[in-house]
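> The following block contains a protein sequence and its predicted model.
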Amino acid sequence: MSVIIDKDTRIIVQGITGHQGSFHSGEMIKFGAKVVAGVTPGKGGQKVHDVPVYDTVEEAMVHEPEATMITVPARFVRDAAFEAMYSGIRVVYILTEKVPLHDALDIVSYARSHGHIVIGPNGPGITVPGQTKMGIMPNHIFKKGTVAVASRSGTLTYEIVNALTQSEYGESVVIGLGGDRITGLNFVDVLELFEKDPDTEAIVLVGEIGGTAEEEAAEYIKKNVSKPVVAYIAGRSAPPGKRMGHAGAIITRGRGTAESKIKAFNEADVPVAEFPWEIPQALKKVYK
Amino acid sequence: MNLYEYQGKALFRKFGVPTPEGYVVFKPEEIKEVNRDVVIKAQVLTGGRGKSGGVKFASNVEEARKKAEEILAMEIKGHKVHAVLVEEKLKIEKEYYLSILIDRSTRAPLIMASPDGGVEIESVPDDRIFKFSVNPEIGVQPFVGRILSKKMGFTGDLAKQFTAILINLYRMFREMDAELVEINPLVLSEGKLIAADSKVVIDSDSLYRHKDLEENAEEKTPLELEANKAGYAFVELDGNIGVIANGAGLTMATLDTLLLYGLKPRNFLDLGGTDSVDITKNAFTYVLKAKPEAILVNIFGGVTKCDTVAQGIIAAKDEFKIDMPIVVRLSGIHEEEGRKMLADAGIHAFADMRHAIEKLKNVMEGGQ
């Protein structure tokens, strides 16, 4: 097992017959992912990319899936996530954006008290180069390597992964945490996994304004992380009180500023790159 | 979405949280009868209205209408007053604070209560704020009220009232999909605890479940509202470079990079995960309305088809007759074709962000 999923992880896709579900299942299969089944209520019996489609997760359990990718519309996410967890699926990745906050709250708190892992909502998923992918990250930007990346955004993650791939580095695992206020995984959760992962030697965190996940990560790094860490923070130019695209990217009552996050990382001896393309140079300072 | 005080209080009453008796009016003549001392409060989505003169007192109809007229003519911190709340004036013995919000780091609802109400909670010392993290699977049971009552100094009937308010407020928080419900101050008046003010924020992503709530214009500019309605995440800023990028994180990083290069962005516009010609083209409508002096497009297309994006940019340039400089960064599927199409149309196109921004800087400094 690498981090959360590996080449043997059997994955189902809830919403596989939709535009997103169908396209990205195909890309995942090309990347090497074991997509064993799809679920769309009312579409049971069809096939998408030769993958059998079922009406319920319960029926899809004959394939013994351990992970699911949820691509259904926002108002059906709560139902889909609970259906998956009730059926015993360990890892639940939610691609969908604009999931109601209280639905995310219910899903994540149930998951945390019952031993499930939720990735997202509103994130690009998880990719283990050379092994598997669950999500929507573009296949061509990855190169197998030793740097783990965790990020609160999508395209900015690709930008940074692309910069790593074009440098002498490659990636051990890349996780998109999601741009919402409540996400299943925060930086601290993945730092714990990265620290334990034998394939990971260095860590890149891509944060942004809003909340205190980066400050908590900095505290955690000081005490618990021996591997070198570098960071990038988006939103230095963001005005207070404005939601910068992501539901979670907002400075409220003076909290969640880029300055506060950069300061916290600096105090934890984590170099913060000024520009996204400078992540490889920043790594060179603390890694090899 | 932020609710006005009167909307928040209507919800309080619906969920059994006591409020002063009162009603909202939009014109002074809607005030019909005043047979006791009343308070007239401006309804605006900003704090500090008391200091700005947005809260006045009256004891008869004429006086109440006159004060209402004065307040309705006001603008408070840039917010035009469209409505006033006319309420019974309470005899205030003490002011408390009570709120419930979503705590992002624990991923759980957080109750905050303080015996020091009536001031901004940020100015209350930490040891005077009593917090309780709610496990959503358990919810707020009466024991939570007993724990907090003890800390707040409520005993006997007041502890019972406080517990009932807390349970009802939590029920409202959950059923109404609130991000925040705040009572500040929660006042003690003639033996009763009453919510003298309300601040309620409803999660915008759940508004489809609350169709009865009228939609409020948030703290957004008219152009922001227009662009948001068309499906673009859009924020106006005060610089002169129009920006179109894809993904919230990359768009923020683009603005940050411009600033670090000494260039000032005019806006944030996230195109989303699209490769539609029309969505790309229409994004220019809103950027152009912001009257920038140049436009930067930064697309890292993972699976986005760059030739489609290029078509959208060229269509916008032709249709909207854009003659200001446009600099484009385009990378992803079919990127070479995309950049060639742009170059043929006389638009500067680059494969990476750094060179695009350096070119833009050069252009803004009078270079070619």
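Cool, got the structure.
> which residues of chain A fall in helices?
Ranges of helices in chain A, per DSSP state H, are A:19-31, A:57-60, A:77-86, A:101-114, A:155-166, A:187-196, A:213-224, A:258-267, A:279-286.
> Other residues contacting the third one?
What that stands for is helix A:77-86. A:14-15, A:56-57, A:68, A:70, A:72, A:92, A:94, A:96, A:99-100, A:103, A:106-107, A:110-111, A:114, A:116, A:118, A:121 (Cβ atoms under 8 Å, 6 or more residues apart in numbering or on different chains). C-beta: built from backbone N, CA, C; applies to glycine.
> picking up where we left off before, if you compare the helices of chain A, which one is most tucked away?
Most buried of the helices of chain A, by mean neighbour count (mean count of other Cβ atoms under 10 Å in any protein chain shown): helix A:155-166, with a mean of 25.
> now check that one, is it near chain B?
Yes. Using Cβ under 8 Å from any Cβ of the partner chain, helix A:155-166 reaches chain B at A:Thr155, A:Leu156, A:Thr157, A:Tyr158, A:Glu159, A:Asn162.
> For that helix, name the packing helices and strands.
Secondary-structure packing of helix A:155-166 (3 or more Cβ pairs under 8 Å, 6 or more residues apart in numbering or on different chains; DSSP states H and E): strand A:144-151, strand A:171-176, strand A:202-208, strand A:229-234, helix A:279-286, helix B:248-260, strand B:294-305.
> The first one close to chain B?
Yes. Counting by Cβ under 8 Å from any Cβ, chain B is contacted by strand A:144-151 at A:Ser151.
> Does anything pack onto that strand? Which helices or strands?
Judged by 3+ Cβ pairs under 8 Å, 6+ apart, the packing partners of strand A:144-151 are helix A:155-166, strand A:171-176, helix A:187-196, strand A:202-208.
> buried ones in it?
Neighbour counts over strand A:144-151 (16 or more other Cβ atoms under 10 Å in any protein chain shown) mark A:Gly145, A:Thr146, A:Val147, A:Ala148, A:Val149, A:Ala150, A:Ser151 as buried.
> what do you get for stretch B:208-224?
By neighbour count on 16+ other Cβ under 10 Å, the buried set for stretch B:208-224 is B:Arg209, B:Lys220, B:Leu223, B:Glu224.
> if I read this right, the second one contacts B:Lys229, doesn't it?
This points to B:Lys220. No. The criterion here is Cβ atoms under 8 Å, and B:Lys220 misses it with B:Lys229 at 10.5 Å.
> Let me see the domain layout of the chain.
Using chain A here. Following the assignment in automatic domain parsing, chain A carries domains at A:10-119, A:137-286.
> that's the wrong chain, I wanted chain B
Structural domains assigned to chain B are B:21-88, B:94-209, B:222-364, following automatic domain parsing.
> Hmm, B:Lys41 and B:Val24 touching each other?
No. When contacts are counted by Cβ under 8 Å, B:Val24 is not listed as touching B:Lys41 (9.6 Å).
> re earlier: farthest pair within the buried residues of strand A:144-151?
A:Thr146 and A:Ser151 (17.5 Å; Cβ to Cβ).
> Packing partners of the host helix or strand of B:Gln7?
Counting by DSSP states H and E, the element that carries B:Gln7 is helix B:5-14. Judged by 3+ Cβ pairs under 8 Å, 6+ apart, helix B:5-14 is in contact with strand B:22-25, strand B:84-88, helix B:156-175, strand B:199-202.
> Pull out the buried residues from stretch A:69-79.
Neighbour counts over stretch A:69-79 (16+ other Cβ under 10 Å) mark A:Met69, A:Ile70, A:Thr71, A:Val72, A:Ala74, A:Arg75, A:Phe76, A:Val77, A:Arg78 as buried.
> hey, where'd the helices end up in the stretch 251-368 of chain B?
Counting by DSSP state H, counting those that start in this stretch, the stretch 251-368 of chain B has helices at residues B:277-289, B:306-319, B:335-344, B:353-364.
> got a list of contacts for the last one?
Outside helix B:353-364, the residues that touch it by Cβ under 8 Å, 6+ apart are A:159, A:275-277, B:241, B:254, B:257-258, B:261-263, B:293-294, B:296, B:298, B:300, B:325, B:327-329, B:348, B:350, B:368.
> Go again with 6 Å.
With Cβ atoms under 6 Å, 6 or more residues apart in numbering or on different chains as the test, helix B:353-364 has contacts from A:Trp277, B:Thr257, B:Tyr261, B:Leu296, B:Asn298, B:Pro325, B:Val327, B:Arg329, B:His348, B:Phe350.
> Export those as a markdown table, with columns for distance to A:Ala218, neighbour count and pLDDT.
Output for the contacts of helix B:353-364, formatted as a markdown table (distance: Cβ to Cβ, whole Å; neighbours: other Cβ atoms under 10 Å in any protein chain shown; pLDDT from 0 to 100):
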| residue | distance to A:Ala218 | neighbour count | pLDDT |
| --- | --- | --- | --- |
| A:Trp277 | 23 | 19 | 96 |
| B:Thr257 | 23 | 24 | 97 |
| B:Tyr261 | 27 | 16 | 97 |
| B:Leu296 | 32 | 29 | 98 |
| B:Asn298 | 28 | 29 | 96 |
| B:Pro325 | 40 | 18 | 96 |
| B:Val327 | 36 | 25 | 97 |
| B:Arg329 | 31 | 24 | 97 |
| B:His348 | 39 | 20 | 94 |
| B:Phe350 | 34 | 20 | 96 |
